[in-house]
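Student: Model the structure of this input:
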Amino acid sequence: MSKSSVWVLVIIGLIIIFTITNPKEQAHKDAVKSKITSVLHKNMSESKVSDDDTWGKIGEGLGVLFGGVIIDKLVDNFVSCNKTALFFH
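Tutor: Numbering: from 1, shown residues only. Alright, predicted model coming up:
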């Protein structure tokens, strides 16, 4: 078997693997939402609001609430998963 035919087989094998392992669109969106939400919660837990600051706690709660809604809308509108093996322009 020549070198060029080995390379062709390797490239075809990689294309097949990449096509099979491409996630479903909803699974991809759920993973992105989960990651962004965990970063939001981490940042909110590191905030400098004291325990006796009622308005600060209300603001944090609203931030998490509205942050979740905004994350859902942004991910639904901007994340897509196209089932293509090769990309052409």
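Student: need the helices for this structure, in chain order.
Tutor: Applying DSSP state H to the chain gives helices spanning 3-20, 25-45, 54-78.
Student: can you pull the buried residues of the second one?
Tutor: Of all the residues in helix 25-45, those buried under the rule 16 or more other Cβ atoms under 10 Å are 29, 33, 36-37, 40. For the C-beta atoms, the positions are set from N, CA and C on the backbone; glycine is no exception.
Student: same question, stretch 69-80
Tutor: Applying 16+ other Cβ under 10 Å to stretch 69-80 flags 71, 75 as buried.
Student: now the spatially most central residue of the chain: how far from residue 66?
Tutor: The chain has residue 32 as the residue nearest its centroid, 2.1 Å off, counting by Cα atoms, centre = their mean. To residue 66, residue 32 is 18 Å away according to Cβ to Cβ, to the nearest Å.
Student: so who does residue 72 touch?
Tutor: For residue 72, the contacting residues are residue 33, by Cβ atoms under 8 Å, 6 or more residues apart in numbering.
Student: Poorly predicted segments of the chain, please.
Tutor: 49, 51, 82-89 (pLDDT under 70).
Student: before we move on, the earlier item: give me every residue that touches the residue nearest to the centre of the chain.
Tutor: Residue 32 neighbours (Cβ under 8 Å, 6+ apart): 75, 79.
Student: please renumber so the chain begins at 39
Tutor: Got it, first residue is 39 now, which makes that one residue 70.
Student: In CSV, list the buried residues of helix 63-83 along with distance to residue 114.
Tutor: As requested, the buried residues of helix 63-83 are exported to CSV (distance: Cβ to Cβ, whole Å):
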residue, distance to residue 114
67, 7
71, 9
74, 12
75, 14
78, 16
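Student: Looking at the residues you listed, spot the one nearest residue 115.
Tutor: Comparing the buried residues of helix 63-83 against residue 115 with Cβ to Cβ places residue 67 closest, at 10.4 Å.
Student: give me every residue that touches the closest one.
Tutor: Residues near residue 67 by Cβ under 8 Å, 6+ apart: 113-114, 117, 119.
Student: now, among those, which is nearest to residue 48?
Tutor: Taking Cβ to Cβ as the measure, residue 48 lies nearest residue 119 of those, at 25.1 Å.
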